[in-house]
Each structure stands twice: as structure tokens, then as C-alpha cells.
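[1] let me see the structure of the following:
(2 chains)
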Amino acid sequence: MKTLLILFSGLLISITAFSQGKVSGEVKNNAQEPLIGATIQVIGKSIGAVTQIDGSFELLEIQPSDRLIFTYIGYVSDTLSPVFGEKMMVTLFETDESLETVTVRGRTEAIVDEAPFLNILITEAELQKAACCNLSESFETNASVDVSYADAVTGTKMIQMMGLDGRYVLISREGIPNIRGLNSRLGLTFVPGTWIQSIDVGKGAGSVINGYESMTGQINVELFKPESMDKWYLNSYLNSFGRLEINANRQIPISEKWSSGVMFHASQQFLEMDTNGDGFMDMPKTRQVNFLNRWKYEGDQLMAQIGINVFSSESAGGQLGFGFNDNLATSPMYGYEMDTRKAEIFGKIGMIYPSKPTQSWGFQYSMSYQDFSGGAGRRIYEGKEKTLYGNFIYQNVLGSSFHQYKTGVSFLLDDFDESFNSNQTGSLNTSFLRTEIVPGAFFEYNYIPNDNFTLVAGGRTDFHNLFGTYFTPRVHARWAFTPSLTLRGSIGKGYRTPNALMENSMVWVSSRDIQYEAELQPEVSWNSGLSLAGSWMIKEKPLSVVADYFYTQFESQLVYDQDISSDLLVIDNLQGDSYAKSFQLEASYPISERFEAKAAYKNYQNLMTTNGILQQVPYQSQDRFFFNMAYATRFDKWKADLTVNWNGPQRLPDTSDSPSEFRLETESPDFFLVNAQISRGFRWGSIYLGGENILNFRQENPIVDPSNPFGENFDASMTWGPIAGRMIYTGFRLKINN
Amino acid sequence: MQKLILSLFALAIAFTVNAQTNVKTIGIKTSAVCEMCKDRLEKDLTFEKGVKSVNLDLETKVLNIAYIDGKTNPDQLRKRVTLVGYNADNLPRDPKAYEKLDPCCKDGGMTTPKKSGTH
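    Predicted coordinates:
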């Protein structure tokens, strides 16, 4: 949706009169300095112009249906409709700096602009700093999102924001909620890294337009669009753990108004790695194929796109030798299996009105089916999810552009069919059947009296067929004291429905008996936060500093309690308090033209009532340091990156009732993770070589009692650090555009 | 282990500072006219074998290149400039490459409004 909105806002600048022919105007940057030598081209025609010394330009023989592309080196190109009879005032923004986000750029300062939300844009250049593999690895050079290890068998990586589980973050793909429901744990691995154009990380309760599920933040992933793709793109990746990937993207131009693009991914983890010698694979063998095709229509008023995404993935892990075709329930080996397939149709349609430039509407939709089949040990899981989603957004102004609003209606149908069989009497053997039908309506008001102040006040009401009416108020404000110092504040409510079986898939790989005591109810939280962003010139270079503090208070939560006994996972509704306080201080500075350094300190106080005690959430470092150093020569001929993460001690679940040889310490040790990469650019693309966990740090004995996987002490879920050690990878990217 | 990290970084730096001894510079007069031409030429020549640094002065239209003697030579560099679509000293541009340039980079492209002929 963001893309659509940016496209719209670009188009909205234009005001149509019906005289045709001459178009004139000025091109400036966002500091209102004229851009000299910026080029203007008419799409599909050989008409063009270049701006003069004062940034002015003039074009003749322009039709109202023409589209003008404004380009300037180092700036994001803009495509606009012509304006007749008055000067077009065009503002171009520096590369990587989007209209609606505060950008921490790969190699330059953090730009503080008009966005009322605390957003960080991760660009393609930033994503390439970590070449592997999918969305779960895309946050490696970003300080606001932490990545942790779920357990010692399934290989799942989990993200966290503000120290809270990633399930409280609304992860959307181009504005449409995407990684949620049964897919909230595994879904990140089904978005290949080479498909991602950019990622927006928004901290705090997000806009009401995209729903009520952003409890701690919102991550929006933009994939490559037909018009922004390379004609051909080919990537291959190989790492020392035996993972091989092939990615291919193809742009298919069809006509002036129609375009299409195809993206393909195939990957395989073909080796059984057991670096710690416990007889278990450190990560499962996997094979995945993933395909996306999108069609786009761009008319004078109407814009539409429709796409299809299908994937199939299989995993087989557990004890060495357990294969894809082995049967969990009967195999003498302890195995892990997860097979999933998804098919999705998604799209958008939008309309603008040349005669009413402030007005537009858009509709986004998706339909999907996904099934899961797998389990661990003797536990067998089957799941199916069907989703239907639609969101209609209308935007206009109230009197003047000082008062803007967006309003609309949404609809969500989510159908779940899950079964879980422990194959053991007295244990959890259950099935969940649930259909959620949620129509809703929203209104968001933007007050923008001047460049220094923005207020966004929004609310939405949703009518949940199972849980009643949700009312979701959210307020965001931004106040720039000076051009280099901006304060932001936000407060908002959020809701989500938990999916306890899938969200605890890491506990499947333990002998813990799963007790499900709860009556299903939504999780409800309030999130509020403040942030201060500043930029100061030191030795003629900008030092950017962002400090933020967020507080999340749960009114209702589904608690996954491992503290009651080392033999149990008790799933129950929150009884007592649960809240999270997060503080982050981040600074970035370009040391020289080629070097940029970024550092962050994070402190999380994340307390939840488990076993009747208000205590720190387990597997959560209270203190963390992050450091990134990037080096690049002109045109990225050479690039090198170094990322260091320090994770402070983590509280571990209470194991005092275990036999003494199986007890854990109460805290994990602290540890460093170091990643580095070097890449060399060519006219045709680039090659890269890198290493993850270069210090070869490993959690010793990540599995409790690995020699008796069907015994009563076995537990592979108590994971606080990396299971496998150092990993070296290499690959190439080939781009053909002629 | 710190050694490994340091050496990765040292590697990056080493590639940019090695072999300074036989670096030569050359100025090639081109037919470049705009910022777009500057970017295209500089980017292309950056990835030419033996080239250390490139800078185009739009005022004088002179492309200054530092290169490693022995890995490339002035004739090869001029030839490459023509293949990007620009005249290089007395060497005429490659007509096919010229045709592919954006309108603003073609002859008279800097005068506005501009309606160029064939594309």
C-alpha cells in the first residue's frame, strides 16, 4: 500500500488543466536548493529536457496523458503527470530516502523528515550486507530487530522487537498482513532475500490503516516490482553447512501500460551438520521452491496489479540419518519434520482523479491457502489455514492540505483447522477448529500545519465474530524543534489471536508435557513510546543519534510458561502483570567517504508473570550492544562489512526439579557474534564472500540428555545461543539490463 | 580469530592501496554534456580493468583517469569511452552505444525544450 500511496502522492502534486503543450517548472531537493542538470523525460517518447542553473525547465508538445520521469544522480527518480498553466514544483529526495520514512541510510546520515512514525528503511544496499538467505536474516545489520534461535532441532530463527517476540509485530508484504496466523514462526523463511527491494521497520503501534495487529511495531516488506526489477537477475549462494540456493528474477515488459515480473527461488540444505557431536543435526535438511508472478497495469487514472505466490517446503531433522521419507510415529530415530505448501493470490487496485488531485482510493486484497504437516518425536501436527483479506482506503483533504484523512473498511476471514497428537495417554491430544470473521472500519486524521509538526490520530473498530468488538485508538505526533532535532511520540492499542501450537513448535522438541489450560481469548496490549532523533555536524560530517524508549503493557496475554516444572509447558492466560520496557540508543557516523560506523546499545526490561512470579522473560538478553562498520569504494566496486553483536546474559527457565546432571544454570553466559562480508562489483554484477559467527561461538550441549530422546529428561528447546559454529558462504549476483 | 576479521578488512583496504608505484594518470576529452553522462562514464570506467579512479570535469568535459600501467593503456581507455557512447579525444563514439543514450546525453540534449529525432 505504501508504494501505491507514494505513487498517488506523486500524482497528486499534479493539477490538471485542459490546455496542453507547454509545461514548465522547477526541480529542487528537499532543502529547497535547485538541482542543476536534472533530467526530465516523457515516458515512451523521445522528448526530454534538462534543468538550468536555477533548477528550471520547460517542455513543449506535452499531452495530458503523458508521464514525466524526473531523474538526478543520487536522488530517487519521480514519475509525475504534467501540470499545465502553472509552474510544476518538483522535489526530489536523495537516494534511499523515502517520502514517508526516517531513513538510516547505508552510507550516510539518518535523515529526519516529516514522518510521524519512527521508521527505519532497510534498503537493497543494506540488505546485501548480509547475503543470506531470506527475511529472517535481513535484520542482521539493523539494530532495532533482534534475531534469536528457537531451539536446537528445527533451525527456526525468531525475530524480536523491543525484546518481545516477533509475533507481536505486524509483518506485512506491501501493506497486506502476510506473516501471521499459523505462519508466524516459519513464515520469514518463505520470503527469499533476493526478492526484497526494501524493508520498513516501524517501532511502536503502527497506523490503524493496516489493522489492529501491530502491537509493538510493524515491518513492511517491499518486493521488487515489475518496473523496478532487473531484466534478468541471477543469484547463486553456497555455504559451508551445505546450503545451496538459486534465485532468478525476470522482468517482462508487455506494453506501455502493462508489465510483469517473475521471481523464482530454489534452495536446499543437503548436508547433515552436527558440529557439536550430540548425534542431532544442528539444523534440519530442507528443500524449498518458491515462485511469484505479478502483473501490473498503470493507466492514466487507474492502477492495478495482481500477483500469485506459491511455495512448497520440506524439512527433515532430528537425529542424524532421519530422512524426508521417514515416518515420525514409527521411526526408531527421533525425527523432526515440517512440510508446508502455500498458494496466494494478492493485488491492489487504485484510482486517482486528475480533476480532484487530493482525492484517491485504493483497494488491496489477498486470498491464501496453506497447509502444514509435521511434528517432532512422536508428536504429530497437522494444520490448514485459509485467509481472505480486503482493505479499502479512501483519502482526501478537509478544506486544505493542512487537514488530511484516510478512511475505509476492511474484511478478514481466517479459517484454522489444526490437530495435535502426542501419541501418549494423558498428554495433549487435541484439535482446534476456528473461523474468524472480522469486518472493520477505520478513520485516520493527519494534521500538518507546517513542516515542523505532524499529528496523526486514528481509530478503528472491528467486529470479531468470536471475541466481540475491538476498538483500536492510536495517536502519533512529531515535533521538530530545530531542523536537526526531532521528537516523536506514539500511543496505541493492539490485538491479536494467538496460535499456541505453532508458536510453541520449539517445545515440541522436548519431553515437556504440554498442558493447555486456557480458554482462547485475544492478546491485548497498549504500547507507548518516545523517541528523539538528532543530527550534528562533526568535522563536516553528520553524526546521527536516535534515542527511543517504548513501554508495552499487556492487558491480556497467552503465557507460555516453562518455569512451573522442567517437565511441563503450561499454556494459560496471563494471571498477573506483563510488561516490557525497551530503551535503545543508536548512533551512526561516516568516518570518511568510504567508512561508516553504526553502534547501538539496547536495554530490555521484559517482565511477565510465570509460575506465579513476575520475572524476566526467559531467553532474553537484558543488555545488548550492536556495532557495524561498512566500507565501500565508488560505485560499490569493493564493499566490506563487519557486524558485531554482544548479547548479555539471559535468564533460563527453572530446572531445579531436574536430576542434578540435567540442571541448567539460572543464567546463560554472555557472548559475541561476529559477521563479516566482502564483495567485489563488476559491470555485470558482483561476487561475495562472507562469514557468520566468525568467532565460532556455540552453546555447549544445547540438548539436554540427547542420548535418550524419548526419555523424560530430553529437552532441545532450551536454546539461548548459536547451535552450529562458524559458517562461510560465497555467491554471485548477475544482472542483465540490455 | 580477531586476525580473521582484521584480515578481511585489511584485504579490502589492501586492494585499494596496492601497486601505487606504477599508477599513471590521463585526461581524455569527451563529448559528455550532463550529470547523467558523468555518472555513466565514471561508473563504467570504474569497472574497467586496471582503473584506479575516475573523475569527469563537466566544465572542461575532460575525463581524468588514474590507471595501473601495464594492466591497461590510454588507447584501451579511449576505446572504452567510445563504447559507452562518447567521443574520446580524436576517436569517434560508437554509433550503436550513442543511440542507446538518454536524450539529454545526445547532441544538443542540454538545450531545452528538446525534441530529439529518432530514439
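
[2] distance check, the residue nearest in space to the middle of chain A against chain B.
    What sits nearest the mean C-alpha location of chain A, by C-alpha atoms, centre = their mean, is residue A:219, with 3.8 Å. According to C-beta to the nearest C-beta, to the nearest Å, residue A:219 and chain B sit 29 Å apart. Where you see a C-beta, it was placed from the backbone N, CA and C, and this is true even at glycine.

[3] for that residue, I want the exact helix or strand it lies within.
    strand A:217-223 (DSSP states H and E).

[4] which SSE is immediately downstream of that strand?
    Per DSSP H and E, the first helix or strand lying C-terminal to strand A:217-223 is strand A:232-239.

[5] list the buried residues in that following strand.
    By neighbour count on 16 or more other C-beta atoms under 10 Å in any protein chain shown, the buried set for strand A:232-239 is A:233-235, A:237, A:239.

[6] and if you look at stretch A:403-416?
    A:404-408, A:410, A:412-416.

[7] what lines up beside the strand holding residue A:219 in the sheet?
    strand A:169-173 (parallel), strand A:196-203 (antiparallel) (DSSP bridges).

[8] ranking the ones you listed by burial, who's on top?
    strand A:169-173 (a mean of 25; mean count of other C-beta atoms under 10 Å in any protein chain shown).

[9] quick check, distance from that one to the centre of its chain.
    Distance, stretch centre to chain centre, for strand A:169-173: 6 Å (C-alpha atoms, centre = their mean, to the nearest Å).

[10] how about stretch A:723-738?
    On C-alpha atoms, centre = their mean, the centre of stretch A:723-738 falls 21 Å from the chain's centre.

[11] picking up where we left off before, among the buried residues of stretch A:403-416, which two are most distant?
    The two members of these with the most space between them (C-beta to C-beta) are A:404 and A:416, at 37.7 Å.

[12] contact residues of chain A facing chain B?
    A:36-39, A:41, A:46-50, A:52, A:57-61, A:71-73, A:629, A:631, A:633-635, A:637-640, A:642, A:674, A:676, A:678, A:681-683, A:691, A:694-696, A:738 (C-beta under 8 Å from any C-beta of the partner chain).

[13] one step back: any idea which of the strands paired with strand A:217-223 scores lowest on pLDDT?
    With a mean of 89, strand A:196-203 has the lowest mean pLDDT of the strands paired with strand A:217-223.

[14] contacts for that strand, please.
    A:2, A:98, A:101, A:117-124, A:127, A:135, A:138-139, A:142, A:144-145, A:161-162, A:214, A:216-225, A:228, A:529, A:531, A:548, A:550 (C-beta atoms under 8 Å, 6 or more residues apart in numbering or on different chains).

[15] re the thing from before, the residue nearest to the centre of chain A and residue A:151, how far apart?
    23 Å (C-beta to C-beta, to the nearest Å).

[16] strands along the stretch 301-450 of chain A, start to end?
    Per DSSP state E, counting those that start in this stretch, the stretch 301-450 of chain A carries strands over the ranges A:302-318, A:335-352, A:360-376, A:379-398, A:400-421, A:429-450.

[17] could you dump the third one to PDB, C-alpha only?
    The C-alpha atoms that make up strand A:360-376 are tabulated as PDB, following Å, rounded to 0.1, in the frame of the first residue of the first chain:
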ATOM      1  CA  SER A 360      -7.900   8.900  -4.300                       C
ATOM      2  CA  TRP A 361      -8.900   5.400  -3.400                       C
ATOM      3  CA  GLY A 362      -7.200   2.100  -3.300                       C
ATOM      4  CA  PHE A 363      -8.200  -1.500  -2.600                       C
ATOM      5  CA  GLN A 364      -5.800  -4.200  -1.600                       C
ATOM      6  CA  TYR A 365      -6.700  -7.900  -1.300                       C
ATOM      7  CA  SER A 366      -5.300 -11.300  -0.800                       C
ATOM      8  CA  MET A 367      -6.600 -14.900  -0.700                       C
ATOM      9  CA  SER A 368      -4.500 -17.800   0.500                       C
ATOM     10  CA  TYR A 369      -4.400 -21.400   1.500                       C
ATOM     11  CA  GLN A 370      -1.600 -23.000   3.400                       C
ATOM     12  CA  ASP A 371      -1.200 -26.400   4.900                       C
ATOM     13  CA  PHE A 372       1.300 -27.900   7.400                       C
ATOM     14  CA  SER A 373       2.200 -31.400   8.100                       C
ATOM     15  CA  GLY A 374       4.900 -32.500  10.500                       C
ATOM     16  CA  GLY A 375       5.900 -32.900  14.100                       C
ATOM     17  CA  ALA A 376       8.700 -33.900  16.400                       C
END
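
[18] who are the packing partners of that strand?
    Packing partners of strand A:360-376 (3 or more C-beta pairs under 8 Å, 6 or more residues apart in numbering or on different chains; DSSP states H and E): helix A:2-12, strand A:176-179, strand A:335-352, strand A:379-398, helix A:505-508.

[19] quick one: low-confidence ranges for the chain?
    Just going to use chain A. A:1-20, A:31, A:44-46, A:73-74, A:94-115 (pLDDT under 70).

[20] correction: the question concerned chain B.
    Using pLDDT under 70, chain B drops low at B:1-21, B:109-119.

[21] so where do the strands sit in it?
    B:23-29, B:51-57, B:62-68, B:114-115 (DSSP state E).

[22] could you check which residue of the stretch 351-500 of chain A lies nearest chain B?
    Per C-beta to the nearest C-beta, residue A:354 is where the stretch 351-500 of chain A lies closest to chain B, at 22.7 Å.

[23] tell me what the residue lying closest to residue B:52 once chain neighbours are set aside is bridged to.
    Among residues not flanking residue B:52 along the chain, residue B:66 sits closest, at 4.3 Å (C-beta to C-beta, 6 or more residues apart in numbering or on different chains). Beta bridges link residue B:66 to residue B:25, residue B:53, judged by DSSP bridges.

[24] count the neighbours of residue B:66 for me.
    When neighbours are counted by other C-beta atoms under 10 Å in any protein chain shown, residue B:66 registers 15.

[25] which elements pack onto the helix or strand hosting residue A:640?
    Applying DSSP H and E as the criterion places residue A:640 in strand A:638-647. Packed against strand A:638-647, as judged by 3+ C-beta pairs under 8 Å, 6+ apart, are the following elements: strand A:623-632, strand A:671-682, helix B:2-17.

[26] hmm, try it at 10 Å
    strand A:145-149, strand A:595-610, strand A:623-632, strand A:671-682, strand A:685-692, helix B:2-17 (3 or more C-beta pairs under 10 Å, 6 or more residues apart in numbering or on different chains; DSSP states H and E).

[27] now render those as a markdown table, adding mean neighbour count.
    Shown next, in a markdown table, are the helices and strands packed on strand A:638-647 (neighbours: other C-beta atoms under 10 Å in any protein chain shown):
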| stretch | mean neighbour count |
| --- | --- |
| strand A:145-149 | 20 |
| strand A:595-610 | 19 |
| strand A:623-632 | 19 |
| strand A:671-682 | 20 |
| strand A:685-692 | 20 |
| helix B:2-17 | 14 |
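
[28] same list, those, but as JSON lines with distance to residue A:492 please.
    Shown next, in JSON lines, are the helices and strands packed on strand A:638-647 (distance: least, C-beta to C-beta, whole Å):
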{"stretch": "strand A:145-149", "distance to residue A:492": "19"}
{"stretch": "strand A:595-610", "distance to residue A:492": "19"}
{"stretch": "strand A:623-632", "distance to residue A:492": "25"}
{"stretch": "strand A:671-682", "distance to residue A:492": "33"}
{"stretch": "strand A:685-692", "distance to residue A:492": "36"}
{"stretch": "helix B:2-17", "distance to residue A:492": "41"}
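
[29] identify whichever of the ones you listed lies nearest to residue A:703.
    Across the helices and strands packed on strand A:638-647, closest to residue A:703 is strand A:145-149 (C-beta to C-beta), at 12.7 Å.

[30] pairing partners for the closest residue to residue A:132 other than its chain neighbours in the sheet, please.
    Spatially, and ignoring its direct neighbours in sequence, residue A:132 is nearest to residue A:729 (6.0 Å; C-beta to C-beta, 6+ apart). Beta-bridge pairing for residue A:729 (DSSP bridges): residue A:239, residue A:690.
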